[in-house]
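Undergrad: dropping a prediction and its sequence here:
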Amino acid sequence: MLLFQSEEWVEKWCKRNNLERGEMLTIHQVWELSKLWYHNRMSVEYHGRSADQVAEIFSKVGLKSKFWYIQG
Amino acid sequence: MKENLVWQVRHFVYQNFAKTTHPPSLEETAQHFSISSEEAAEFYKELHNRHAFFLDLEMLTIRMANPFSGISTDFKVHANEKTYFANCAWDMLGIPAALHCDATIEAKFTESNEPVQLEIRDGQVTKNDLLVHFPLPFSRWYDDLVFT
């Protein structure tokens, strides 16, 4: 996941690499996602997560498009 | 292979990252659990297959234990008086989220290569106008983790 200062720079990068644009999130959204995704990563009890749990996290931060679709 | 030990090895790797900023070597892991290097390698491969971390399969070194990176990157995270490397723009925020701490992050913008600094303070991130680009849909994240 790459860091950009504006949409114009994302377009430049996509064009130069001949790649389609993916999804752009604000740094605030990514911070909210990080807290849900990583808060228990250091615990010995963390054994990964199910597709349903991933979908729930994405949903909580408003990531509901096909891009975030989980194959169960 | 003991299931319980698989997850203890994962936990040891993560604790080692948090404490030292880098992953334990195969030998360090073997020594910690009083097992042979060959047995430690089997645990590493099993955890790689379960996507618990990402191995360099030739060297049997840990390349990524998200959010931590085993190699230097453009995403430096200063936290708890240490400097960690994150794998990407998401993981640079993942380190303070995993460690539950404040952080100062030094990164570089993609394409322009300009440096940028941001902070995590009291559960809030500064520079809210920055953007993170996710190039691949979730269903393809594990096709090529380095590109992702």
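TA: Perfect, I can see it now. Numbering: from 1, shown residues only, chains lettered A, B, ... in the order given.

Undergrad: show me where chain A has helices.
TA: With DSSP state H, the ranges of helices along chain A come out as A:7-17, A:27-38, A:51-60.

Undergrad: repeat that for chain B.
TA: B:3-20, B:26-33, B:37-49, B:89-99.

Undergrad: where are the low-confidence patches of chain A?
TA: Chain A contains residues with pLDDT under 70 at A:72.

Undergrad: tell me how far the residue located most distally from the centre of it lies from chain B.
TA: Computed with Cα atoms, centre = their mean, the maximum C-alpha offset from the centroid of chain A is found at A:Val44, amounting to 24.1 Å. Note on A:Val44: its distance to chain B, by Cβ to the nearest Cβ, to the nearest Å, is 4 Å. (C-beta placed from N, C-alpha, C; glycine too.)

Undergrad: leaving out chain neighbours, which residue sits closest to that residue?
TA: Sequence neighbours aside, B:His11 is the residue nearest to A:Val44 in space, at 4.2 Å (criterion: Cβ to Cβ, 6 or more residues apart in numbering or on different chains).

Undergrad: got a list of what that neighbour touches?
TA: A:Met42, A:Ser43, A:Val44 (Cβ atoms under 8 Å, 6 or more residues apart in numbering or on different chains).

Undergrad: for A:Tyr38, same thing?
TA: Contacts of A:Tyr38 (Cβ under 8 Å, 6+ apart): B:Asn66, B:Pro67, B:Gly94, B:Ala97, B:Ala98.

Undergrad: roughly how far does it sit from B:Lys2?
TA: Using Cβ to Cβ, to the nearest Å, A:Tyr38 is found at 27 Å from B:Lys2.

Undergrad: that older thread, read off the pLDDT value for the residue nearest to A:Val44.
TA: pLDDT recorded at B:His11 is 97.

Undergrad: repeat for B:Asp129
TA: The model reports B:Asp129 with a pLDDT of 87.

Undergrad: got it, and B:His48?
TA: What the model reports for B:His48 is a pLDDT of 95.

Undergrad: try B:Trp90
TA: 96.

Undergrad: residues near B:Glu106, how many?
TA: By other Cβ atoms under 10 Å in any protein chain shown, the residues close to B:Glu106 number 15.

Undergrad: that one reaches B:Glu114, doesn't it?
TA: No: counting by Cβ atoms under 8 Å, B:Glu106 sits too far from B:Glu114 to count as a contact (11.8 Å).
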